[in-house]
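Colleague: Sequence and predicted model, in that order:
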Amino acid sequence: MKLTVFGATGRTGTKVVRQGITAGHEITAVAREPEKLGESKVRALRGDSTNAKTAEEAVAGADAVLSTLGHVRGSPPDLLSKSASNIVSAMSKQNVKRLVVLTNAAARDPTDRPGLYNRLLLTLLTTFRGQMSWDTAEEARIISQSALDWTIVRAVRLTDGPMTKKYHAGPFDQSAGTRISRADVASFMISCATESKYVRAKPLISE
């Protein structure tokens, strides 16, 4: 498949790109500094997801779009929501339907029933990262109200552990763990994009 990856040089994005290449997919990697990819088997597109023109160029001809964008030092406070608006608009114009986006538990779902520890983490996240939490929630709102075939992958604490393909993916309830490796998140996102899993759903992934 032809996959477009936003946030391709991030710690999770690089794993999506590498696993996609290994699986034989054609990857368009969008990054402000694509030379950091270190991959020759990709179509590297220099750009910023907050730029509408870049987003439209990136998604043109794609079978599916994946985003691992996240806040880093110096990023605008509305990075996620603005990027989501641009990506959704671009995909609608280019008639690309499948979108898989990585976010965190600040993107709530009415079915959530987290355990005590995860409720505490959510409280801390909202209290100390208020603007980021708002941006995450707004990103989820924009995507979930679109006409796309979207999946919002919500991850708990990300680690640099190995890919195991042994994880919990489903409701945010008391069975959810507290961490997940970036490699497993990447694997799950690619499977969602290529196998049409969890369409118009917000699965939480954890160990």
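Modeller: Yes, it's here.
Colleague: Need the pLDDT of the nearest residue to Arg179 once chain neighbours are set aside.
Modeller: Take Arg179 and drop its neighbours on the chain: the residue closest to it by C-beta to C-beta, 6 or more residues apart in numbering is Arg157, 4.3 Å away. Glycine gets a C-beta too; all of them are placed from N, C-alpha and C. Arg157 is assigned 87 on the pLDDT scale.
Colleague: same check, this time on Val72
Modeller: 85.
Colleague: Count the neighbours of the residue nearest to Arg179 for me.
Modeller: 13 (other C-beta atoms under 10 Å).
Colleague: ok, residues contacting stretch 49-57?
Modeller: With contact meaning C-beta atoms under 8 Å, 6 or more residues apart in numbering, stretch 49-57 is reached by 6-7, 30, 45, 47-48, 67, 69, 76, 79, 82-83, 86-87, 89-90, 93-94.
Colleague: What are the boundaries of the helices in the protein?
Modeller: 13-22, 52-59, 79-94, 116-128, 130-144, 182-195 (DSSP state H).
Colleague: which one of the ones you listed lies closest to Pro203?
Modeller: The closest of the helices of the chain to Pro203 is helix 182-195. By C-beta to C-beta, the value is 8.2 Å.
Colleague: Identify whichever of the helices of the chain lies nearest to Lys202.
Modeller: helix 130-144 (7.2 Å).
Colleague: In this structure the residue nearest to Arg179 contacts Ser181, no?
Modeller: No: when contacts are counted by C-beta atoms under 8 Å, Arg157 is not listed as touching Ser181 (10.2 Å).
Colleague: In space, not sequence, find me the middle residue of the chain.
Modeller: Centroid-nearest residue in the chain: Leu102, 2.2 Å away (criterion: C-alpha atoms, centre = their mean).
Colleague: Can you tell me how far it is from Val153?
Modeller: Separation of Leu102 from Val153 (C-beta to C-beta, to the nearest Å) stands at 5 Å.
Colleague: Kindly give the local confidence score, pLDDT, for Gly38.
Modeller: 80.
Colleague: Near it, how many other residues are there?
Modeller: Quick note: Gly38 (other C-beta under 10 Å) scores 11 neighbours.
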